[in-house]
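Participant: pasting a predicted model and its sequence here:
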Amino acid sequence: MDTVVFKIGSQRTHTLTISFGNAGQDNWDGLFNGRKIYVDRTHFNDPKYPTAYMKPSIASQMSIEQYWTGVIAHELGHTLGLDHTAYQSDLMFAPTSDGNVITKYLWKRPIQRSSTGLDGTETAQISQRDLNRAKLAKQLDYW
Ligand SMILES: [Zn+2]
């Protein structure tokens, strides 16, 4: 049996809202606060962000569209109950454990770096670990 996680809704009836927000100095590009996903308006509207601000050898391996797809996919992962990982190639990767909702372990640098130098959000790809964690979250009735 299929499980409906998100349904297309109306202004009055919906399961999830994605809207623009203002990260300001908090330095996020995407944020899930438990109710809504926010995308930072300033960075999203900067046609050179993020690639113009990255090392050229890293930036040349990705596109801006791919990056924003990854940001939204990462936030959708949070809506399924997934917290961050320390594995750089994961969609749910974060450089440090700072800001994790429930921290089971701490990290200040990746446990395992990706072969390209890109992180999972930048590649907009779901790793096998991301998939396994989503399946576990489903079994635990997170979604
Ligand atoms: Zn996150």
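Facilitator: Cool, got the structure. Numbering: from 1, shown residues only.
Participant: in which helix or strand would I find the nearest residue to residue 108 once chain neighbours are set aside?
Facilitator: Excluding its sequence neighbours, the residue lying closest to residue 108 (C-beta to C-beta, 6 or more residues apart in numbering) is residue 96, at 5.4 Å. In this view, the C-beta of every residue, glycine as well, is placed from N, C-alpha and C. Taking DSSP states H and E as the definition, one finds residue 96 inside no helix or strand.
Participant: go on, residue 5?
Facilitator: Going by DSSP H and E, residue 5 is not in any helix or strand.
Participant: isn't it up against residue 137?
Facilitator: No - with contact defined as C-beta atoms under 8 Å, residue 5 does not reach residue 137; the gap is 10.9 Å.
Participant: neighbour count: those two, which is higher?
Facilitator: residue 137 (16 against 12; other C-beta atoms under 10 Å).
Participant: stretch 48-55: end-to-end distance?
Facilitator: 13 Å (C-alpha to C-alpha, to the nearest Å).
Participant: please apply the same query to stretch 41-55.
Facilitator: First-to-last residue span, stretch 41-55, C-alpha to C-alpha: 23 Å.
Participant: what comes up buried for it?
Facilitator: Neighbour counts over stretch 41-55 (16 or more other C-beta atoms under 10 Å) mark 43, 44, 49, 50, 51, 54 as buried.
Participant: common neighbours of residue 5 and residue 137, please.
Facilitator: 80, 143 (C-beta atoms under 8 Å, 6 or more residues apart in numbering).
Participant: picking that back up, for the buried residues of stretch 41-55, which one is nearest residue 67?
Facilitator: Nearest to residue 67 among the buried residues of stretch 41-55 is residue 50, at 5.8 Å by C-beta to C-beta.
Participant: was I right to think the closest one contacts residue 67?
Facilitator: Yes - applying C-beta under 8 Å, one finds residue 50 in contact with residue 67, separated by 5.8 Å.
Participant: residues that sit against both of those two, list them.
Facilitator: If you check residue 50 and residue 67 against C-beta under 8 Å, 6+ apart, no residue is contacted by both.
Participant: now residue 130: closest residue in space that isn't a chain neighbour?
Facilitator: Closest to residue 130 by C-beta to C-beta, 6+ apart is residue 91, at 4.7 Å.
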